[in-house]
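J.: could you look at this predicted model? Sequence included:
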2 protein chains.
Amino acid sequence: MHPFDEAIALKTIADNRYSGATHSAYANMVGPFGGITSAALVNAVMLHPQRLGEPIALTVNFAGPLADGPFQIEALPMRTNRSTQHWAVTLTQENTVCATGSLVLAKRRETWSAQESVYPSDMPAADTLQRAPCDEQLAWLRCYDMRFAPGEGLTQFDGIERTCSDTRMWIRDEPPRPLDFAALAAICDSFEPSVWTRRQKFVPIGTVTLSTYFHVDAALLAETSKRHVLLNTWAHNFCNGYFDQSANVWSDLGHLLASTHQMVYYRE
Amino acid sequence: MHPFDEAIALKTIADNRYSGATHSAYANMVGPFGGITSAALVNAVMLHPQRLGEPIALTVNFAGPLADGPFQIEALPMRTNRSTQHWAVTLTQENTVCATGSLVLAKRRETWSAQESVYPSDMPAADTLQRAPCDEQLAWLRCYDMRFAPGEGLTQFDGIERTCSDTRMWIRDEPPRPLDFAALAAICDSFEPSVWTRRQKFVPIGTVTLSTYFHVDAALLAETSKRHVLLNTWAHNFCNGYFDQSANVWSDLGHLLASTHQMVYYRE
């Protein structure tokens, strides 16, 4: 079993209720990598017998740190329409709320479509770049093969502030695993925080809330298979303890797979 | 009393529960303008005796249309930390869920700050532009003074598809009203849907989920007073029934007040 699937594995314990546990492979500085928590919440809905359709939008609010150990997820179908279904999800540890969120599912129909964002085709191909070295202290980084654009990435910061925090990187699960909605949800929280890029230094950060919009169905997602996806990220504002960060996630075939946005706490 | 305040007025009916009613001034094609629903949800938390801090992030999921008439809002404090507070909000009509959402509040501290997005300073000043005529069929448009960039706006669409759906407009409440978080939340749902701009034609649309990140505190918001704010909007992708749309909201002093993102259903 792939470590990702172990980490998001859930057991049904009652109607709308699941139990799971944090996984040492996805440990972050404090508690697990936020992306794996998002993925577990997506998985709870995907496993639910009343599920109709595929994810189009996910919001996760990180209310407080998870402790290493067991957790429970409640997934409540709030409303089912003809083509959409709204879910509320809550992750608790011993009755303390650690994360809340919502997932919108939809049955898509073929319509007029257009990709307006332009694929960053000047990014060198993944196989021409080196895999970034993994920080020994952060287990979850070893679960991903990340390849930053030349001159970018978690290199030795020089502390000289930049005017732009845009980044680009290729990423895939390590070991490789076919991409699905849960894995894509996790990858949407994998990028370098804009405040580090901008300031070229580490400061304490924590994602407070994250929303991901899925632009493709499971079939198109499956075309990416186990290959890298490309993320380009940007930020709009850093103000008194909170900054926003956005990213687009692309397949190597040039399809926009997801757009993701978050509000992040920072100190100093 | 300003119609906006009438429309978001709530009465406490129990712990964590409020009653309100739709307002004819904010009627949309079907049910009320989504922005006024968001504003009522924000107001429920702002009125709550346990509230700590000011909004930094709001997500509203529009689960189904509201009927004209009374509604109830439940606002639940899910977790209170030292500097943040997480709320879950649900709007129902006769026990049917019409909207769900979450609001994150925070007490900000002064830190290193930087506005990375660049104010669209080539937009002509609001007082040099004409107020857009209001569609007689949509009451809520009369509640706003909208001034589109030259050549943009709800003009006579020619049906000739564009390659870019970016728009810019000035907007303020009509009659003028000092800007606060609830009013800003409403304005974050006021813009022309990207799919209309892109295709230069009307197709049925409906916002499914919307997330707004607030970049300023109440004091800075108050500086905007009753003047117009500037919105610039863009979209990343239109695919099989759903597109995303983002906007930045600026004060006329050049401060980025909010960033907002939504996923929108469209037909045809």
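T.: Right, received. Where do you want to start?
J.: can you show me the helices along the stretch 101-250 of chain A?
T.: A:181-187, A:194-199, A:218-224 (DSSP state H, counting those that start in this stretch).
J.: ok, and for stretch A:12-25, which residues are buried?
T.: Neighbour counts over stretch A:12-25 (16 or more other CB atoms under 10 Å in any protein chain shown) mark A:16-18, A:20, A:22-23, A:25 as buried. (C-beta placed from N, C-alpha, C; glycine too.)
J.: can you redo those residues as CSV with distance to chain B, pLDDT and secondary structure?
T.: Compiled in CSV, the buried residues of stretch A:12-25 are given as follows (distance: CB to the nearest CB, whole Å; pLDDT from 0 to 100; DSSP: H, G, I helix; E, B strand; the rest coil):
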residue, distance to chain B, pLDDT, secondary structure
A:16, 15, 98, coil
A:17, 17, 98, strand
A:18, 18, 98, strand
A:20, 19, 98, strand
A:22, 18, 98, coil
A:23, 23, 98, coil
A:25, 27, 97, helix
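J.: can you pull the residues of the stretch 101-250 of chain A lying near chain B?
T.: Proximity of the stretch 101-250 of chain A to chain B, by CB under 8 Å from any CB of the partner chain, involves residues A:101-102, A:104, A:106, A:108-117, A:161, A:163-165, A:194, A:198-199, A:208-209, A:211, A:213, A:215-217, A:234-242, A:244, A:246, A:248.
J.: buried ones among those residues?
T.: Buried among those by 16+ other CB under 10 Å: A:101-102, A:104, A:106, A:108, A:111-112, A:114-117, A:165, A:194, A:198-199, A:208-209, A:211, A:213, A:215-217, A:234-242, A:244, A:246, A:248.
J.: which of those fall within strands?
T.: Within these, residues falling in strands by DSSP state E are A:101-102, A:104, A:106, A:114-115, A:208-209, A:211, A:213, A:234, A:237-239, A:242, A:244, A:246, A:248.
J.: and the helix or strand hosting residue A:39, how far from the chain's centre?
T.: According to DSSP states H and E, residue A:39 maps onto helix A:34-47. Its chain's average C-alpha position is 10 Å from that of helix A:34-47, according to CA atoms, centre = their mean, to the nearest Å.
J.: now stretch A:46-58
T.: Relative to its chain's centre, stretch A:46-58 lies at 17 Å (CA atoms, centre = their mean).
J.: need the CA coordinates for that stretch. CSV is fine.
T.: The C-alpha coordinates for stretch A:46-58 follow below in CSV (Å, rounded to 0.1, in the frame of the first residue of the first chain):
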residue,chain,number,x,y,z
MET,A,46,-15.4,10.0,-1.6
LEU,A,47,-16.0,6.9,0.6
HIS,A,48,-19.5,8.0,1.6
PRO,A,49,-22.4,5.8,0.3
GLN,A,50,-24.5,8.9,-0.5
ARG,A,51,-21.8,10.6,-2.6
LEU,A,52,-23.0,11.8,-6.0
GLY,A,53,-20.5,13.3,-8.5
GLU,A,54,-16.9,14.4,-8.3
PRO,A,55,-15.3,17.2,-6.4
ILE,A,56,-15.4,20.7,-7.9
ALA,A,57,-14.5,22.8,-4.8
LEU,A,58,-12.9,22.1,-1.5
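J.: what sits up against that stretch?
T.: A:10, A:12, A:16, A:18, A:38, A:41-42, A:45, A:75, A:77, A:80, A:83-85, A:87, A:101-108, A:181-182, A:185, A:210-214, A:217-218, B:61, B:208-209, B:242, B:263 (CB atoms under 8 Å, 6 or more residues apart in numbering or on different chains).
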